[in-house]
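# Below are the sequence and a predicted model; questions follow.
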Protein chains: 2
Amino acid sequence: MALKDELGLRNDFKARAHESLLHIYYTAAKAQKKADEFFRAHGLTDVQFNVMMLLLNQSGESGGLTQVELSRMMLVNRANITTLIDRMEKARLVVRVADPDDRRYNIVKITAHGEKLYRKAAAVYHQKVTAIMSALKEPEQRVLTSLLTRVREKIDSIPIV
Amino acid sequence: MALKDELGLRNDFKARAHESLLHIYYTAAKAQKKADEFFRAHGLTDVQFNVMMLLLNQSGESGGLTQVELSRMMLVNRANITTLIDRMEKARLVVRVADPDDRRYNIVKITAHGEKLYRKAAAVYHQKVTAIMSALKEPEQRVLTSLLTRVREKIDSIPIV
DNA sequence: GTGATATTGTATACATATAAACTAATTGGG
DNA sequence: CCCAATTAGTTTATATGTATACAATATCAC
């Protein structure tokens, strides 16, 4: 189905470039909504799941990640991580541990409870993601990621003003 | 640059399907952040700009759109539109007009002030979008939208449970 | 060593998103 | 005609995002 019809628009898009960009937006939004629905059934949010995935797969020697490391990996402002980790600590999914070498840092670590919830959701989640991306054959997935990478590089090169 | 390096990850992604999906997420996020920065310089938000674009290009006979029509075209919950239009009305960008035929409806219309701000931003915005999407040749843009459309169709077909 | 500079995390104000429960208004079946 | 079901919009509680300003801490230049 054409994007125009998916969104219930009366009139066509005026510019192909704009339409292409909206395809990227709305595909991401749709996938995220579906994922959110899935995670809610597991008592998590997509963002909380992402934090735990990063803690389990990207931790360094400290056995966790600092809040700034998390914010960079998630492409969000570090101010946002404060309340996110507050909620996750309250839900006993993660803990903040003070770094003895540099007292500015909090090292965020996943708890046994968090890891248990994560692993339960992750198994099914990866099945779902594989099912969704099976819409494209492997060479097509490579084309998609290559095209999107070129778009991101172009975004970086365009000034705001 | 590989997505792994863009995000500052220490370890590779475990599954190609998941990595492909993250490419979609992060490209959308990056474009949206850039757009947001742009609109802020024009005293607008990306969402407010989108509302005004829909009002100017997709309005029906009534000369505007109802809140539910807006929520469907923007793929958001209708509860969200209430406060969004509240803020836009306060900023004199739009007005709510009662529908005489069906008193349940608010018809949202753009004001002269809103249209002026919109047109000023839109001209530059479309230049920026064209510049960003010039990363891809026209046939490549068609491939991209086709691949993304197939992903969205697959998402629709996958059950949450 | 010390003072300027940079970095981390937090606090605040605000914008945007959801779900769920509610009111008001319309519609449709018997 | 009337009552049940539906629809539009709002309210509330909650999660996530931004920018900005701040305190605490660490680092760097001299």
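Received, thanks.
# Please list all residues in contact with the spatially most central residue of chain A.
Among the residues of chain A, the one closest to the centroid is residue A:50, at 5.7 Å (C-alpha atoms, centre = their mean). Counting by C-beta atoms under 8 Å, 6 or more residues apart in numbering or on different chains, residue A:50 touches residue A:74. Backbone N, C-alpha and C define where each C-beta goes, glycine included.
# what does residue A:73 give?
Residue A:73 neighbours (C-beta under 8 Å, 6+ apart): A:54, A:58, A:65, B:7-9.
# What about DNA strand C: which of the residues you listed touch it?
When the contacts of residue A:73 are checked against DNA strand C using C-beta under 7 Å from any atom of the strand, none falls in range.
# Sort out which of these are buried, if you could.
By neighbour count, with 16 or more other C-beta atoms under 10 Å in any protein chain shown, those hold A:54, A:58, A:65, B:9 as buried.
# Skipping its backbone neighbours, what lies nearest the last one in space?
In space, residue B:9 comes closest to residue A:58 once its chain neighbours are excluded; the distance is 5.5 Å by C-beta to C-beta, 6 or more residues apart in numbering or on different chains.
# Could you tell me which residues within the top helix by length along chain A count as buried?
Using DSSP state H to define each element, chain A has its longest helix at helix A:16-40. For helix A:16-40, a neighbour-count test (16+ other C-beta under 10 Å) marks A:17-32, A:34-35, A:38-39 as buried.
# That helix - what's its average pLDDT?
Mean pLDDT, helix A:16-40: 93.
# packing partners for it?
helix A:3-6, helix A:46-58, helix A:112-133, helix B:16-41, helix B:112-133, helix B:138-157 (3 or more C-beta pairs under 8 Å, 6 or more residues apart in numbering or on different chains; DSSP states H and E).
# The same query, at a cut-off of 10 Å, please.
Helices and strands touching helix A:16-40, by 3 or more C-beta pairs under 10 Å, 6 or more residues apart in numbering or on different chains; DSSP states H and E, are helix A:3-6, helix A:46-58, helix A:112-133, helix A:138-157, helix B:16-41, helix B:46-58, helix B:112-133, helix B:138-157.
# Quick check, residue A:91 in contact with residue A:44.
Yes. Residue A:91 is in contact with residue A:44 according to C-beta atoms under 10 Å; the separation is 8.8 Å.
# Mutual contacts of those two, please.
Common contact partners of residue A:91 and residue A:44 (C-beta atoms under 10 Å, 6 or more residues apart in numbering or on different chains): A:114, A:117.
# neighbour-wise, which of the two wins?
residue A:44 (24 against 15; other C-beta atoms under 10 Å in any protein chain shown).
# which SS class is the more buried one?
What DSSP: H, G, I helix; E, B strand; the rest coil gives for residue A:44 is coil.
# OK, contacts around it?
A:36, A:38, A:50-52, A:88, A:91, A:93, A:114, A:117-118, A:120-121, A:125.
# Show me which residues of chain A sit near DNA strand C.
A:33, A:36-37, A:40, A:66-68, A:78-79, A:81-83, A:85, A:96, A:104-106.
# From those residues, which land in helices?
A:33, A:36-37, A:40, A:67-68, A:78-79, A:81-83, A:85.
# farthest-separated two in those residues?
A:37 and A:68 (30.5 Å; C-beta to C-beta).
# Which among the contacts of residue A:44 count as buried?
Buried, going by 16+ other C-beta under 10 Å: A:38, A:50-52, A:88, A:93, A:114, A:117-118, A:121, A:125, out of those.
# Between those residues, which sits nearest residue A:157?
Distances from residue A:157 to the buried ones among the contacts of residue A:44, taken by C-beta to C-beta, are shortest for residue A:50, at 27.5 Å.
# Do you know the pLDDT at that closest one?
97.
# What distance do you get for residue A:45 to chain B?
For residue A:45, the distance to chain B equals 15 Å [C-beta to the nearest C-beta, to the nearest Å].
# Those residues of chain A touching DNA strand D, which are they?
So chain A meets DNA strand D at A:45-48, A:74-77, A:79-80, A:83-84, A:87, A:101-104 (C-beta under 7 Å from any atom of the strand).
# Go again with 6 Å.
With C-beta under 6 Å from any atom of the strand as the criterion, chain A meets DNA strand D at residues A:45, A:47-48, A:76-77, A:79-80, A:83-84, A:87, A:102-104.
# out of those, which are buried?
A:45, A:47-48, A:84.
# okay if I get those residues as TSV plus distance to residue A:143?
Shown next, in TSV, are those (distance: C-beta to C-beta, whole Å):
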residue	distance to residue A:143
A:45	31
A:47	29
A:48	32
A:84	34
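# Tally up the residues packed near residue A:68, please.
Residues near residue A:68, counting by other C-beta under 10 Å: 13.
# What is the neighbour count of the residue nearest to it when sequence neighbours are not counted?
Sequence neighbours aside, residue A:78 is the residue nearest to residue A:68 in space, at 5.3 Å (criterion: C-beta to C-beta, 6+ apart). Other residues within reach of residue A:78, judged by other C-beta under 10 Å, total 13.
# Residue A:78 contacts residue A:66, correct?
Yes. With contact defined as C-beta under 10 Å, residue A:78 counts as touching residue A:66 (9.5 Å).
# Great, nothing more from me.
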